[in-house]
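Q: no sequence for this one, just the structure:
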């Protein structure tokens, strides 16, 4: 009967390896307290992996990662700026975008949230976002004058 390996043997470090749910698990022959050969240690490795997998499957899964938290943070900063500078008409759109992100995880098109010229002053100056747009306008104007 052929041997059944539940893990992959790594001959260099003399250990067993398994990738499960995106994470790599390793166990050495020394940890298993068996001789450091593939033929002798595979049964101990299989038993270790069976126990480890049961432990992993029993544990509660971590909360889902919300990839849009950074966008909510940016929009909240923009909302604060709008409220501090009396731009109530922009604040409503930003509030709607935040609510949409929280509810669906989808962001509406950026142009629907703002008039383009005002937005350059809302974005943090260090980001360079508005600088590129203004520079391209200056170059276009310079080319028309020539």
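A: Cool, got the structure. Keep in mind that what you see is a predicted model, and the values were worked out from it rather than measured. Residues are numbered from 1 along each chain as shown.
Q: residue contacts, residue 95?
A: Residue 95 is in contact with residue 79, counting by Cβ atoms under 8 Å, 6 or more residues apart in numbering. For glycine as for every other residue, the C-beta is placed from the backbone atoms N, C-alpha and C.
Q: where's it relative to residue 74, distance?
A: In this structure, residue 95 and residue 74 are 14 Å apart, going by Cβ to Cβ, to the nearest Å.
Q: Please parse the chain into its domains.
A: Using automatic domain parsing, the domains assigned to the chain come out as 8-58, 69-124.
Q: between those, which has the poorest average model confidence?
A: Taking the average pLDDT of each of the domains of the chain, the minimum falls on domain 69-124, with a mean of 73.
Q: Quick check: what element follows the host helix or strand of residue 48 along the chain?
A: When elements are defined using DSSP states H and E, residue 48 is found to belong to helix 38-58. Read in the C-terminal direction, the helix or strand following helix 38-58 is helix 69-84, with elements assigned using DSSP H and E.
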